[in-house]
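1. My questions are about this predicted structure, shown below with the sequence.
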Amino acid sequence: MLNIGKKAKSVAAIAAIAAVALTACGRSESTSAGASGGAKGFDKSSLIGVALPQKTSENWVLAEKLFNDGLSSAGYKADVQFANGGVSEQQNQISSMVTKGAKVIIVGAIDGSQLGTQLKQAKDAGATVIAYDRLVKNTDAVDYYVAYDNFKVGVLQGQALLDGMKAKKASGPYNIELFAGSPDDANAKVFFDGAMSVLQPKIDDGTLKVVSGQKSFEQAVTQGWKAENAQKRMDTLLAGNYNSTPLDGVLSPNDTLARAILTSVKAAGKPTPIVTGQDSEVESVKSIMAGQQYSTINKDTRKLVEHAITMVNDLQAGKTPETNDTKSYNNGVKVVPAFLLPPVIVTKANAKEAYANDPTLSQYTK
Ligand code: BGC
């Protein structure tokens, strides 16, 4: 947990008191801007900006459509933008949303620490800023955070890796390798820390062996969440460490990277290890059903977008949006009040049940 200054502490204290009041009496009506201030009680036809990152996984592509449809059908003008060109494109998009008078700006940051100036502009213009899926760091210009519980995602991945290996071979030691996401995405370290909270004790007691010795987050990262970077690193790890040594498992932070890791293993002619994932991407669900990728995480994008839009509706009606965590997400300057949804681990064993209500994914689990 990062240190917070005196001012941030008192803001956090106010937020905590507000949260207790909220828990006690449900959503509270409010017409003024409180500790987490911004636009409240605005016109139903207002502009709402949604700044999405790059299309690094299917969930972002789904989110674009869901935000456009959901915001439009609620009556708002939606301005939903991807920033495939990178950080400066995303900065320009947010500035332009502010100039156009957006009342709420929802941000899925490419680099959570590079948006301070633009989000301050948004706050100065009276907009409310909601960090979506990824936390925005080192700025007080963020009011709320809505996401699946990222640390829990990592815990579930670490546990799945252990369970999967154990089901194949009753006792260790197990040889593993570790992959993390992109270091500019605030989520990547949280996923890794969650997984290591399960794996580190098993490394320490000798149950797990990271054969390459590459155990730190910095060594495990995958720049830009790019499949080609993970595949290249896996090729190198296999060539340097697994000529005659069996590889039992790989911690992969998401599905795109899991499939890249499996491609590398296959190309090297090695047996399929236990590989974790996240996002419930169609190709990974098919791979799980075919006995290739071991696990994924279900973070239903429909629910996350729906909750972000509920926050917008609350703000529009002059209410304080509901949060359920006012402790965990310290962005370096403040603790951002969060609404966290629970992630679900999915393997071949529970896929049918996990995707029963998903019209797309349920097709692949029959
Ligand atoms: C999201 C993951 C996703 C990754 C790459 C993360 O911030 O939480 O669901 O796999 O970005 O797009």
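-> It's in. The structure displayed is predicted, hence computed values, not measured ones.
2. Against K270, how distant is the residue most central in space within the chain?
-> For the chain, D133 is the residue whose C-alpha lies nearest the centre (CA atoms, centre = their mean; 4.7 Å). Distance from D133 to K270, counting by CB to CB, to the nearest Å: 34 Å. Using the backbone N, CA and C atoms, a C-beta is placed for each residue, glycine as well.
3. hang on, the earlier thing: okay, the residue nearest to the centre of the chain and R233: tell me how far apart.
-> If you go by CB to CB, the gap between D133 and R233 works out to 24 Å.
4. how near is R259 to V61?
-> Distance of R259 to V61, given as CB to CB: 16 Å.
5. Return the backbone torsion pair for the closest residue to I274 other than its chain neighbours.
-> Closest residue to I274 apart from its sequence neighbours, by CB to CB, 6 or more residues apart in numbering: G164 at 3.6 Å. In terms of degrees, to the nearest 10, the main-chain angles of G164 are phi -60, psi -40.
6. Make sure G164 is actually in contact with Y294.
-> Yes. Counting by CB atoms under 8 Å, G164 touches Y294, with 4.3 Å between them.
7. So for those two, which sits in the more crowded spot?
-> Shown here are G164 and Y294; by other CB atoms under 10 Å, Y294 has more neighbours (27 against 19).
8. Quick check: phi and psi at that one.
-> Per degrees, to the nearest 10, the backbone of Y294 is at phi -90, psi -50.
9. so who does it touch?
-> Going by CB atoms under 8 Å, 6 or more residues apart in numbering, Y294 touches 160-161, 164, 274-276, 288, 347.
10. Next: G116.
-> By CB under 8 Å, 6+ apart, the contact list for G116 reads 138-139, 141.
11. Just among these, which is most surrounded?
-> Among the contacts of G116, T139 has the most neighbours (other CB under 10 Å), with 23 neighbours.
12. Tell me which helix or strand the residue of the chain positioned farthest from its centre sits in.
-> Taking CA atoms, centre = their mean, the residue of the chain most remote from its mean C-alpha position is S244, at 36.4 Å. Using DSSP states H and E, S244 maps to neither a helix nor a strand.
13. how near is it to K270?
-> 11 Å.
14. Let me know whether T263 touches A230 as I believe.
-> No. The criterion here is CB under 8 Å, and T263 misses it with A230 at 9.3 Å.
15. higher neighbour count, those two?
-> A230 (28 against 15).
16. May I have the secondary structure class of that one?
-> helix (DSSP: H, G, I helix; E, B strand; the rest coil).
17. Now do the contacts for it.
-> Counting by CB under 8 Å, 6+ apart, the residues that A230 touches are 179, 222, 252, 257, 260-261, 264.
18. same thing with D193?
-> Residues near D193 by CB under 8 Å, 6+ apart: 151, 154, 217.
19. Is the closest residue to K299 other than its chain neighbours bridged to anything, and to what?
-> Closest residue to K299 apart from its sequence neighbours, by CB to CB, 6+ apart: Y148 at 4.2 Å. Legend: beta-bridge partners of Y148 under DSSP bridges are L341.
20. Show me what the helix or strand that contains L315 is in contact with.
-> In this assignment (DSSP H and E), L315 forms part of helix 301-316. Helix 301-316 has contacts (CB under 8 Å, 6+ apart) with 27, 38-44, 46, 48, 59, 62-63, 66-67, 70-71, 74, 76, 103-104, 106, 128, 130, 132-133, 144, 146-148, 320-322, 339, 341.
21. For G249, which residues are in contact?
-> The contact partners of G249, taken as CB under 8 Å, 6+ apart, are 161, 164-165, 174-177, 273-275.
22. Next one: it relative to the ligand, how far apart?
-> The span separating G249 from the ligand equals 19 Å under the rule CB to the nearest ligand atom, to the nearest Å.
23. What is the burial count for the nearest residue to that residue once chain neighbours are set aside?
-> Nearest non-adjacent residue to G249, counting by CB to CB, 6+ apart: I274, 4.0 Å away. When neighbours are defined as other CB under 10 Å, I274 has 25 of them.
24. buried subset of the contacts of helix 301-316?
-> Neighbour-count burial (16 or more other CB atoms under 10 Å) is assigned, among the contacts of helix 301-316, to 38-40, 42, 46, 48, 59, 62-63, 66-67, 70-71, 74, 76, 103-104, 106, 128, 130, 132-133, 144, 146-148, 320-322, 339, 341.
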